[in-house]
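S.K.: Output the structure for:
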Amino acid sequence: MGSAADKAKGLANEAMGNVKQGVGKMTGSKQMEAEGKVQELHGEAQQAKGKAKEAIKKAADL
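M.R.: Next up, the predicted model:
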């Protein structure tokens, strides 16, 4: 998977995680809140992976 795809999937996961956290808070579901936080962190990691791939590719092109 390319760097752009990693960043896009990461952004989507982060957004969905935030939504889950909000729904969990509104409904009082600690489990959904926790799942949302995990998904958000997973999204952040995916974005970081995409940025790292991009940086490596740019460094290799020098």
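
S.K.: Can you show me the helices along the protein?
M.R.: 3-27, 30-61 (DSSP state H).

S.K.: Hmm, residue 13 is touching residue 40, no?
M.R.: Yes. Residue 13 lies in contact with residue 40 (CB atoms under 8 Å); the separation is 7.3 Å. For every residue, glycine as well, the C-beta is placed using N, CA and C.

S.K.: if we can go back for a sec, how about the helices of the chain in CSV, adding mean neighbour count?
M.R.: Shown next, in CSV, are the helices of the chain (neighbours: other CB atoms under 10 Å):
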stretch, mean neighbour count
helix 3-27, 16
helix 30-61, 15
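
S.K.: Let's have those helices in TSV, adding mean pLDDT.
M.R.: Formatted as TSV, the helices of the chain follow (pLDDT from 0 to 100):
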stretch	mean pLDDT
helix 3-27	96
helix 30-61	95
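
S.K.: Report the central residue of this protein.
M.R.: Compute the mean C-alpha point of the chain, and by CA atoms, centre = their mean the closest residue is residue 43, 1.0 Å away.

S.K.: quick one: residue 3 from residue 53, how far?
M.R.: Distance from residue 3 to residue 53, counting by CB to CB, to the nearest Å: 4 Å.

S.K.: Contact partners for the closest residue to residue 19 other than its chain neighbours?
M.R.: In space, and not counting its chain neighbours, residue 19 is closest to residue 36: 7.1 Å by CB to CB, 6 or more residues apart in numbering. Residues near residue 36 by CB atoms under 8 Å, 6 or more residues apart in numbering: 16, 17, 18, 19, 20, 21, 22, 23, 24.

S.K.: Check residue 46 too.
M.R.: So residue 46 contacts 6, 7, 9, 10, 13 (CB under 8 Å, 6+ apart).

S.K.: who's in contact with the second one?
M.R.: Residues near residue 7 by CB under 8 Å, 6+ apart: 46, 47, 50, 51.

S.K.: Relative to residue 27, how far out is residue 44?
M.R.: Per CB to CB, residue 44 is found 24 Å from residue 27.

S.K.: same question, residue 55
M.R.: 40 Å.
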